[in-house]
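**Student:** 3D model of this:
(one chain, ligands or ions: 1)
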Amino acid sequence: MTTAANPAQTAIVPPARGEPYLLTPGPLTTAFSTKEAMLVDWGSWDGCFRAMTAELRRAVLEIAGGGDAYDCVPLQGSGSYCVEAMLGSLIPRDGKTLVLANGAYGQRIARTLSILGRAHSVIDKGDYLPPRGPEVADALAADPAITHVVVVHCETSSGILNPIEEIAAAVQAAGRKLLIDSMSAFGAVQIDLDRVACEALVSSANKCIEGVPGFGFVVARKTVLAAAKGNSHSLSLDIYDQWDVMNRTGQWRFTPPTHAVAAFLEALRLHKLEGGQPARLARYAGNRDAVVAGLRGLGFETLLADRWLSPIIVTFFSPADPAFKFGQFYDLMKQQGFIIYPGKLTVADSFRVGCIGQVDAHVMRQVVAAAANALASMGVASAAPAAAALNERKLLAA
Ligand SMILES: *Cc1c(COP(=O)(O)O)cnc(C)c1O
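**Tutor:** The predicted model follows:
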């Protein structure tokens with residue numbers, strides 16, 4: 001009955017031309033109408049496209065909460081371009097940043113700051129564990145030079161969902177400023193800027209809003225944007241300049257990804273129709289629960305303890321059975337219509353299954369059936385990981 005009242009709930013249909021489902025954290029499987037929205041060519045200077053840009057900014061702010069105090073600045077490029085733009089534009093050149101890393105994206109933030117020549121230090125928790133409020137408080141107390149803290153909301157390399165509210169509270173209590181890479185969480189995991197004290201967050205079109213790649217956006221306090229003039233190391237990645245020009249002209253400074261913007265507006269419409277962030281979270285959590293229960297039933301084990309499993313992407317250890325070869329497993333899954341994702345861990349052998357995009361629990365049960373078939377064709381008797389991998393997890397989580 002609830003599904004009848006909410007057409008988007010029933011709108012999960014297989015990709016139109018028989019292409020596989022993308023169980024990857026962006027690009028991901030988009031709705032047919034999102035793809036269809038790209039069949040028009042828009043003039044970048046034209047009033048229609050300027051109205052589309054204004055609508056995009058308004059709709060993103062509505063999802064972010066925080067009201068009038070914040071503004072949304074879209075920027076061309078993939079998510080990393082927008083992270084670099086946020087760091088380079090919003091952190092003053094004489095600032096010092098504490099990076100909270102627990103995976104590849106946190107490490108990329110530290111690397112970006114190194115290349116920009118910006119002072120920073122790193123708390124590195126490895127692959128398995130989240131940074132916690134008390135250790136952030138300790139690090140800030142120990143180093144008064146730190147002005148900013150950067151944290152990854154959902155660390156997509158492992159799928160860990162970091163405790164953003166606890167960290168925000170520690171940063172605020174120490175009188176420092178927080179920037180959030182919410183790339184793979186925004187739109188699905190709640191982050192209400194009315195409640196979480198932060199200067200800015202960054203996300204992109206091709207993650208939980210379910211648009212296509214081409215641009216990202218920084219949502220930042222207007223006071224922070226206004227103070228960012230002259231900070232940037234770069235012309236094209238200058239968030240202040242993009243904001244200033246967009247506010248004055250309604251235009252992007254350089255060629256905008258017009259088709260990706262049109263697709264994003266349709267994706268935002270579907271996001272709202274589905275019931276916004278809470279409904280999207282519920283669907284993604286159902287996807288996660290179905291794939292985790294099903295693959296555990298085959299003997300697979302998750303990298304993370306249940307408590308830290310995000311509804312965005314789940315990492316599974318590779319089976320210890322020598323008959324298991326990831327490349328072959330990947331091909332067998334693809335033949336059955338599912339593109340999975342290799343692991344991105346620094347230690348254990350693993351692979352990942354994304355829970356986001358136009359998929360539901362029914363699709364996830366098909367994924368599990370496909371995995372069972374793939375194991376059988378490879379002659380893998382047990383999908384259980386090496387005992388050593390599990391022991392390491394237990395030690396680190398203790
Ligand atoms: C996807 C993602 C990014 C950006 O990656 P791109 O490949 O540049 O789009 C950054 N941080 C996180 C946490 C991500 O999931």
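**Student:** what segments of the stretch 251-398 of the chain are strands?
**Tutor:** Taking DSSP state E, counting those that start in this stretch as the test, the strands found in the stretch 251-398 of the chain are 313-317, 338-339, 341-342, 350-354.
**Student:** rank these by mean pLDDT and give me the bottom one.
**Tutor:** In terms of average pLDDT, strand 341-342 trails the rest of the strands of the stretch 251-398 of the chain, at a mean of 90.
**Student:** what's that one packed up against?
**Tutor:** Counting contacts by 3 or more C-beta pairs under 8 Å, 6 or more residues apart in numbering; DSSP states H and E, strand 341-342 packs against strand 350-354. For the C-beta atoms, the positions are set from N, CA and C on the backbone; glycine is no exception.
**Student:** the strand it packs on close to the ligand?
**Tutor:** No: on the criterion C-beta under 6 Å from any ligand atom, strand 350-354 is out of touch with the ligand, staying 10.2 Å away.
**Student:** what helices or strands is that strand leaning on?
**Tutor:** Strand 350-354 packs on strand 313-317, helix 326-335, strand 341-342, going by 3+ C-beta pairs under 8 Å, 6+ apart.
**Student:** the second one vs strand 350-354, what angle?
**Tutor:** Meaning helix 326-335. With axes from the mean of the first three to the mean of the last three C-alpha atoms, to 10 degrees applied, the angle from helix 326-335 to strand 350-354 works out at 20 degrees.
**Student:** output helix 326-335 as CSV, restricted to C-alpha atoms.
**Tutor:** C-alpha atoms of helix 326-335 as CSV (Å, rounded to 0.1, in the frame of the first residue of the first chain):
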residue,chain,number,x,y,z
PHE,A,326,39.0,-12.0,-8.3
GLY,A,327,39.4,-11.4,-12.0
GLN,A,328,37.4,-14.5,-12.8
PHE,A,329,34.8,-13.8,-10.2
TYR,A,330,34.4,-10.3,-11.7
ASP,A,331,33.9,-11.7,-15.2
LEU,A,332,31.4,-14.3,-14.0
MET,A,333,29.4,-11.6,-12.1
LYS,A,334,29.5,-9.3,-15.2
GLN,A,335,28.2,-12.1,-17.4
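**Student:** tell me which other helices or strands it touches.
**Tutor:** Helix 326-335 packs on strand 350-354, helix 361-378, going by 3+ C-beta pairs under 8 Å, 6+ apart.
**Student:** list the buried ones in that helix?
**Tutor:** Phe329, Tyr330, Leu332, Met333 (16 or more other C-beta atoms under 10 Å).
**Student:** residues in contact with the closest residue to the last one other than its chain neighbours?
**Tutor:** It stands for Met333. With sequence-adjacent residues excluded and distances taken as C-beta to C-beta, 6 or more residues apart in numbering, Met333 is closest to Ile340, at 5.3 Å. When contacts are counted by C-beta atoms under 8 Å, 6 or more residues apart in numbering, Ile340 touches Leu23, Thr24, Phe329, Tyr330, Met333, Phe351, Arg352, Val353.
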